[in-house]
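>>> heads up, no residue letters with this:
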């Protein structure tokens, strides 16, 4: 038995699905962010698996950029969460219904 | 055989961590499950030969992003548990589960159905048959970091500059978003005020 590309892709699909369901179900903005990070990790696993299968280093470059963009997104997203939740600490995603803070 | 054991252990850690994030009502415990998941992903990267990416994964994801999450959780004091027992909309959780199963099912169908010409599904998904030899082929004699640096700074140098700009914008944006508005000046005690 050998670990083939398919195994990594199945794991990545499963991880993406778990993050996806978590994003839809949870209401705490911070945990929704963590589910987004799970989905990004699933995509990273897919990229590296394909990079090895296709013998192309462009997949690893893509992972690098996904990491950088994920970091920037977390910075901006968390500062948004801080700005919103400073005034109302018990905020959930359901209450963020108007565009005026 | 060792490969299979390593993969199985990492898969268990990753999926367990992911379930911990989704099912935990306490944000701090969810963040720690996320760290476990990230470490599993890093070991999988090492297993596939992407050593530099594994290190960057640990340093950036587990070491910076999760730490940022924990800082925000502690700063805002939002570490009280969330109520997971009721749906805000009726039938939200079953609908979400169904959608999740459909998404995963879509990928699995694509993987396990054979592609055109009787190819293995994974091969068809990767598009290997239609590709010529890539420009950035993996040369086994170079180390992973050499290969990645080569590709990044020759064929993707504009994108690297763009990410530098992106990170600067993100930092400035974070400062702008959380600054105090309305001129609440910080009162600084003057050194000589104790005399009065």
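Thanks, I have it. As the structure is a prediction and not an experimental result, all values here were calculated from the model. Numbers count the residues shown, from 1 in each chain, chains lettered A, B, ... in the order given.
>>> give the contact list for the most centrally placed residue in chain B.
Nearest to the mean C-alpha position of chain B, by Cα atoms, centre = their mean, lies residue B:61 at 6.3 Å. By Cβ atoms under 8 Å, 6 or more residues apart in numbering or on different chains, the contact list for residue B:61 reads A:37, A:41, A:67, A:70, B:38, B:41. Bear in mind the C-beta positions are built from the backbone N, C-alpha and C, glycine included.
>>> ok, 10 Å please
A:37, A:40-41, A:44, A:67, A:70-71, A:74, B:34-35, B:37-39, B:41-42 (Cβ atoms under 10 Å, 6 or more residues apart in numbering or on different chains).
>>> in chain B, which spans are helices?
B:2-23, B:27-47, B:51-56, B:66-76, B:92-112, B:121-126, B:144-155, B:157-178 (DSSP state H).
>>> Ok, which of those helices comes nearest residue A:16?
helix B:92-112 (7.0 Å; Cβ to Cβ).
>>> Which is the succeeding secondary structure element to the helix or strand where residue A:8 lies?
Using DSSP states H and E, residue A:8 sits in helix A:5-25. The helix or strand immediately downstream of helix A:5-25 is helix A:29-53, counting by DSSP H and E.
>>> what's the neighbour count on residue A:22?
The tally of other residues near residue A:22 (other Cβ atoms under 10 Å in any protein chain shown) stands at 24.
>>> Kindly provide the whole-number mean pLDDT of the helix or strand hosting residue A:62.
Residue A:62 is located in helix A:58-85, with elements delineated by DSSP H and E. For helix A:58-85, mean pLDDT rounds to 92.
>>> show me what contacts residue 72?
No chain was given, so I picked chain A. So residue A:72 contacts B:163, B:166-171, B:173-174 (Cβ under 10 Å, 6+ apart).
>>> That was the other one, I meant chain B.
A:29-30, A:33, A:74, A:77-79, A:81-82, A:85, B:27, B:31, B:78.
>>> Quick check on these: which are buried?
A:29-30, A:33, A:74, A:77-79, A:81-82, A:85, B:27, B:31, B:78 (16 or more other Cβ atoms under 10 Å in any protein chain shown).
>>> Quick one: residues contacting the residue nearest to residue B:64 when sequence neighbours are not counted.
Nearest non-adjacent residue to residue B:64, counting by Cβ to Cβ, 6 or more residues apart in numbering or on different chains: residue A:71, 6.6 Å away. By Cβ under 10 Å, 6+ apart, the contact set of residue A:71 is B:60-61, B:64-65, B:68, B:163, B:166-167, B:170.
>>> if I read this right, residue A:85 contacts residue B:77, doesn't it?
Yes: using Cβ atoms under 10 Å, residue A:85 is in contact with residue B:77, at 9.3 Å.
>>> would you list the contacts of residue A:72 in TSV and tack on distance to chain A?
Formatted as TSV, those follow (distance: Cβ to the nearest Cβ, whole Å):
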residue	distance to chain A
B:163	5
B:166	5
B:167	6
B:168	9
B:169	8
B:170	4
B:171	7
B:173	5
B:174	4
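>>> Residue A:5: which of those residues is nearest?
When those are compared against residue A:5 (criterion: Cβ to Cβ), the nearest one is residue B:163, at 27.8 Å.
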